[in-house]
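Chemist: here is a sequence together with a model predicted from it:
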Amino acid sequence: MVFQAGQPLRFTAVQPIFLLTIIIGVVFYGLVYSVWRVLRWYSFRRHSGIPEIKELGKTRPLEQKLDGMAIICGGSIAGLLTARVCADFFKQVIIVEPEEWLTGEDGMRRFCSEQEHKRTRVMQYASLHGSQALLYAGFRELFPDLDEQCRYSGLGVFPGDRKNNFAGTPIPAPVDSYGGNLPKTIYSGRAGLETLLRRLVLGRGSYPNITQIAGTVVGFLPHSEGDASHVSGVKIRRPDLTIEELDASLVVDCTGPTRAGIKWLSQSGYGTTNANTDSSITPETLAKLPIPPDQTPETVTFTLLEDGVENGRRVIALIRGDGNEISLFAGQSSDESVKYESLDSMRSLAQDLKTYQKRPIPGWLYEAIDILEEAQPEIQFSHVRIPPTAYIQYHRTVNLPSNFVALGDSVLSVDPIYGQGCTKALIGAAVLNKILLKSIKTPVTNNKHLPTNFSEEFFKEHFDKTDAFWQLTHLLDYGIPCTTPVPGENLEAGSLVRWYLRRVQILATKDAQAARVFWDGANGFGSAVDILHPWLVLKTLFDTAIGG
Ligand SMILES: Cc1cc2nc3c(=O)[nH]c(=O)nc-3n(C[C@H](O)[C@H](O)[C@H](O)COP(=O)(O)OP(=O)(O)OC[C@H]3O[C@@H](n4cnc5c(N)ncnc54)[C@H](O)[C@@H]3O)c2cc1C
Ligand SMILES: *[C@@H]1O[C@H](CO)[C@@H](O)[C@H](O)[C@H]1NC(C)=O
Ligand SMILES: *[C@@H]1O[C@H](CO)[C@@H](O)[C@H](O)[C@H]1NC(C)=O
């Protein structure tokens, strides 16, 4: 607008009532915003696990270390992370793992593709895998030379731009919001990640006091006469079937879905617990495919979760695995077993998926499927029926031995579609680090024993940091018609939250703040209340109102 000289500027008189409304509105917003800030601060500190992860990896001088042994039952992701943490606090750490080959060279190979054995007790070993960016951040604290070690083993470390989308419509990665430095993540398959971690913990002599032995933990040693407050050790069945006994200052259950800890506890007369279940199914396939033009071979990713759950929240994904491997994955939640055992069935699934605003699936995915069909490479089909999720509520259990804790999938498992399982194990290890740190600061009468409320403190803190994983799985799975609700509930529970989450994702396809909240949530960063930022709530409601 150009003002000509001499022309007076004119203002319309503003009604006082209008001004007042604006002032009240601004003050009200300011108040709500302040409350949200406080809530956010609290939620971040109490529930995110991020401050605890930043405390990882600070080795203590020998004289501060506890006498006796920490026994870690299970040598997978949770067990290896726990052993690494315990090495900072105990003079001796022993991992007991049934799969004997993991104790030798083959379990710690530089390149997992050269492994002669395959895991028999971890069904997702050769399955589609994605790591959240927070997992990389935690690994970095524990292993300062992580980037170099990843490179050595051929694992990619790149900014975590997973080409997110809402049912086919891209949600841009919040690169600007992170000042151009989007947090990094590890691009690898499950075998690559697990083998790297085992090599870092056991394979290069950095932690000589961590040893792994082949065996299955079958129970606790009977506690000493008249003192049931703690267990004195564990019973192990070695591969030659002999039973061995090991004394322990601390026993950690990292047995994953076996959840052996509750069996040992009840055999020894300790407290009772309850588990909840619901269910889902996923078939899966592996193949070699070409790379789309806007991505790099190292980070190639395509995942699409359909909009709507009538068909069991179907999903199709293509992700870079270990070595030259590419995984093509199809899955859905259903009561019966659904198999996608041909490339044609994958193609039909892609065509049939309900995308947002009927946006077509990118052509390169179909091209890739065509090329595959023509080339007929060796394809490995693997059909994985995901066991029901479960939650052992240790935090509600009374009468636990004071030196027993559990973490990883041995406590709770979640719907694997969100790739949170390994982050959850990391957070468990970070909680253990925090409680151990607190314990060595409080004077202990006998250096061998942890404080009498050690286990209680651990499970309380572990609950604070991991319950949200369960709540999210619970909330989202209830949106799927074939889910069996927990007794006393019905599938309507959480429908308003599901509606809001969907609307925020739609907004995230066009709004930077929403996109940042979405990315943080998908990568383990941020806090659970970020999605309730008052400005974001207003924008989401406005976007819904205008039919966006
Ligand atoms: C199909 C599928 C896909 C998944 N995809 C992802 C993903 O993309 N990203 C992600 O982060 N997570 C994913 N997860 C979840 C993730 O794999 C788990 O959360 C993670 O493996 C848990 O690690 P853990 O060490 O607690 O248990 P596990 O990895 O299950 O390991 C348990 C260990 O305990 C040992 N053991 C069992 N019984 C005993 C005993 N009595 N004594 C001693 N040792 C014992 C076993 O041999 C094994 O080594 C997926 C899960 C599934 C099922
Ligand atoms: C490793 O174990 C040996 C033997 O028990 C012990 O003397 C030594 O102090 C331990 N070292 C560390 C770093 O804990
Ligand atoms: C555990 O004991 C310590 C020291 O006695 C105390 O400060 C702490 O609050 C106790 N924790 C729990 C969860 O009761």
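Modeler: Okay, I see it. Ligands and ions are numbered 1, 2, ... in the order given.

Chemist: where does residue 360 fall, phi/psi-wise?
Modeler: With angles defined as degrees, to the nearest 10, residue 360 sits at phi -70, psi 150.

Chemist: burial of it, as a residue count?
Modeler: Residues lying near residue 360 (other C-beta atoms under 10 Å) number 10. Heads up, the C-betas are built off the backbone N, CA and C, glycines and all.

Chemist: cool, residue 266 as well?
Modeler: Residue 266 has 12 nearby residues by other C-beta under 10 Å.

Chemist: same question for stretch 174-190, mean pLDDT?
Modeler: In this model, stretch 174-190 carries a mean pLDDT of 97.

Chemist: brain fart, stretch 125-144
Modeler: 94.

Chemist: can you tell if that stretch touches ligand 1?
Modeler: Yes - on the criterion C-beta under 6 Å from any ligand atom, stretch 125-144 is in touch with ligand 1 at 127, 129-131.

Chemist: what is the nearest of the residues you listed to residue 334?
Modeler: residue 127 (18.0 Å; C-beta to C-beta).

Chemist: correct me, but that closest one touches residue 327?
Modeler: Yes - the pair residue 127 and residue 327 passes the contact test of C-beta atoms under 8 Å, sitting 7.5 Å apart.

Chemist: so which of the residues of stretch 125-144 next to ligand 1 are in helices?
Modeler: The helices, defined by DSSP state H, take in nothing from these.

Chemist: got TSV for those, with distance to ligand 2 and neighbour count too?
Modeler: As requested, the residues of stretch 125-144 next to ligand 1 are arranged in TSV below (distance: C-beta to the nearest ligand atom, whole Å; neighbours: other C-beta atoms under 10 Å):
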residue	distance to ligand 2	neighbour count
127	37	21
129	33	24
130	35	26
131	30	26
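
Chemist: pull the most distant pair out of those.
Modeler: Among the residues of stretch 125-144 next to ligand 1, 127 and 131 lie farthest apart (C-beta to C-beta), at 13.3 Å.

Chemist: could you pull out the strands for the stretch 51-200 of the chain?
Modeler: Using DSSP state E, counting those that start in this stretch, the strands found in the stretch 51-200 of the chain span residues 66-73, 90-97, 156-159, 165-166, 169-170, 184-187.

Chemist: what about residue 167, neighbour count?
Modeler: Quick note: residue 167 (other C-beta under 10 Å) scores 20 neighbours.

Chemist: check contacts around it.
Modeler: When contacts are counted by C-beta atoms under 8 Å, 6 or more residues apart in numbering, residue 167 touches 304-307, 353-356, 359.

Chemist: quickly list the domain ranges of this structure.
Modeler: 1-47, 64-111+192-271+394-475, 273-385 (automatic domain parsing).

Chemist: could you identify which of these is most buried?
Modeler: Highest mean neighbour count of the domains of the chain: domain 64-111+192-271+394-475, a mean of 20 (counted as mean count of other C-beta atoms under 10 Å).

Chemist: now tell me which helix or strand of the chain has the poorest mean pLDDT.
Modeler: None of the helices or strands of the chain scores lower by mean pLDDT, DSSP states H and E than strand 275-278, at a mean of 28.

Chemist: chain neighbours aside, what residue packs nearest to the residue in the stretch 201-350 of the chain positioned nearest to ligand 1?
Modeler: Closest approach between the stretch 201-350 of the chain and ligand 1, counting by C-beta to the nearest ligand atom: residue 256, at 2.5 Å. Leaving aside its sequence neighbours, residue 256 sits nearest to residue 409 (C-beta to C-beta, 6 or more residues apart in numbering; 4.2 Å).

Chemist: the one you found contacts residue 79, correct?
Modeler: No - taking C-beta under 8 Å as the definition, residue 409 is not a contact partner of residue 79, at 10.8 Å.

Chemist: can I get the host helix or strand of residue 423 as CSV, trimmed to CA atoms?
Modeler: Using DSSP states H and E, residue 423 maps to helix 421-441. What follows is helix 421-441, C-alpha atoms only, in CSV (Å, rounded to 0.1, in the frame of the first residue of the first chain):
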residue,chain,number,x,y,z
GLY,A,421,11.9,-52.3,21.8
CYS,A,422,15.6,-51.7,21.9
THR,A,423,15.2,-48.1,23.1
LYS,A,424,13.1,-49.5,26.0
ALA,A,425,15.9,-51.9,26.9
LEU,A,426,18.4,-48.9,26.8
ILE,A,427,16.1,-46.9,29.1
GLY,A,428,15.9,-49.9,31.5
ALA,A,429,19.7,-50.0,31.6
ALA,A,430,19.9,-46.2,32.2
VAL,A,431,17.5,-46.6,35.1
LEU,A,432,19.7,-49.3,36.6
ASN,A,433,22.7,-47.0,36.2
LYS,A,434,20.8,-44.2,38.1
ILE,A,435,19.8,-46.5,41.0
LEU,A,436,23.2,-48.0,41.3
LEU,A,437,24.7,-44.6,41.3
LYS,A,438,22.4,-43.6,44.1
SER,A,439,23.2,-46.8,46.0
ILE,A,440,27.0,-46.4,46.0
LYS,A,441,26.5,-42.8,47.3
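
Chemist: residues near residue 119, how many?
Modeler: A count of nearby residues for residue 119, using other C-beta under 10 Å, gives 18.

Chemist: numbering from 108 from now on, please.
Modeler: In the new count, where the first residue is 108, that last one comes out as residue 226.

Chemist: what parts of the protein come near ligand 2?
Modeler: Proximity of the chain to ligand 2, by C-beta under 6 Å from any ligand atom, involves residues 169, 172, 198-199, 316.

Chemist: now do the helix or strand that contains residue 124, average pLDDT.
Modeler: Taking DSSP H and E as the criterion, the element that holds residue 124 is helix 123-154. Mean pLDDT, helix 123-154: 96.

Chemist: helices or strands next to it in the packing?
Modeler: helix 157-161, helix 561-584, helix 641-652 (3 or more C-beta pairs under 8 Å, 6 or more residues apart in numbering; DSSP states H and E).
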